[in-house]
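Undergrad: turn this into a structure:
(chains A, B and C)
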Amino acid sequence: MTSRFHKLSRSFYARSTLEVAADVVGKYIVYDSPDGKLVARIVEVEAYVGQDDPACHAAQGRTRRNEIMFGPPGYAYVYFIYGMYHCLNFVTEPENHAAALLLRAAEPVEGIDIMSRLSPGKKPIDLLSGPGKFCRSFGLTREQNGIDLCGDTLWLEDRHEPQPEIVRMSRIGIKEGQDRLWRFCDQNSPAVAHHS
DNA sequence: TGAATGATGCGCT
DNA sequence: GCGCATCATTCAT
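TA: Numbers count the residues shown, from 1 in each chain, chains lettered A, B, ... in the order given. Predicted coordinates:
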C-alpha cells in the first residue's frame, strides 16, 4: 500500500514566509535520529522575514551564523541561544531572501520514550512546548544546522488532516517588531503558550 | 497565577 | 563586554 503521508517538497518552502507559516501548522516533523524515529505535530511557529524585520537574525546582513538563511529554501537553521538552548528554523523564500520560520511548539506523536530520556521528568505534552524544549527533546544542536529538509534525515510531512483553527499573535521574546502578528498557533493545542 | 531572576556561552560591536 | 527568537525556579499576591 502507498503511504498516506507526503513529504513536503522544496516548493512548499519557496513561498512567502507568512503563507508557509499558515500552512505549516498542523503538519508533522519527522527526525530519523541516532536514537530512533521521532515524530511530532507542529502547533506553533513564528515568522522572521528578511532585512526589514528588526527581530530577524538577518536584519544586520549576512554573518557566519545566519548564512543558511540566505541560501535556498527547505533547509534547517539551528542556532545556540542563552548559553544553553538551541532553536530550530525552516528556511523559506527564494535564495538571497533571508527568511525562516522558528518552530516554537509541537505535540509528541512517536518516540516519546526517546524524547523523555533527553528531557527527564516531563509530562509528554511539555516535552516540545517551547523552542528550546523542542530541540532538547529532539536532540538537535548546531550539528544539524544546514540539514536539507527534502532529504532523508529531518523532514516535514502532510498527513492530510483537516486544517487546524489558526490564531495569529505577537511574537515572543523580542524587543522590536512586536507590532507584527507573525506567531501562528493551533488555537486548540494544549502545547501552545496561551500568552498574549 | 504572575512577575522577577539566574543560569550560561556564543556572536558580534 | 553586552545582549540574546529560553527555561526553571523563586517569591509575591
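
Undergrad: OK, contacts around A:Gly111?
TA: A:33, A:35-39 (Cβ atoms under 8 Å, 6 or more residues apart in numbering). C-beta: built from backbone N, CA, C; applies to glycine.

Undergrad: repeat that for A:Glu93.
TA: Contacts of A:Glu93 (Cβ under 8 Å, 6+ apart): A:13-17, A:49-50, A:73, A:99.

Undergrad: A:Pro73 versus that one, what's the distance?
TA: Distance of A:Glu93 to A:Pro73, given as Cβ to Cβ, to the nearest Å: 6 Å.

Undergrad: just checking, what packs against the lengthiest strand in chain A?
TA: Using DSSP state E to define each element, chain A has its longest strand at strand A:36-49. Packing partners of strand A:36-49 (3 or more Cβ pairs under 8 Å, 6 or more residues apart in numbering; DSSP states H and E): helix A:17-24, strand A:28-33, strand A:99-110, helix A:112-118, helix A:131-138, strand A:183-186.

Undergrad: pull up the residues of chain A that are close to DNA strand B.
TA: A:60, A:63-66, A:80-84 (Cβ under 7 Å from any atom of the strand).

Undergrad: of all these, which comes closest to A:Arg142?
TA: A:Phe80 (5.8 Å; Cβ to Cβ).

Undergrad: which parts of the helix or strand containing that closest one are buried?
TA: Secondary structure assignment for A:Phe80, by DSSP states H and E: strand A:76-81. Across strand A:76-81, burial judged by 16 or more other Cβ atoms under 10 Å covers A:76-79.

Undergrad: residues from chain A in reach of DNA strand C?
TA: Checking chain A against DNA strand C by Cβ under 7 Å from any atom of the strand, the hits are A:46, A:48, A:55-58, A:69, A:77, A:81-85, A:87, A:89, A:100, A:102, A:119, A:122, A:130-134, A:171-175.

Undergrad: on that earlier part again, closest to A:Leu156 out of the buried residues of strand A:76-81?
TA: A:Ala76 (10.5 Å).
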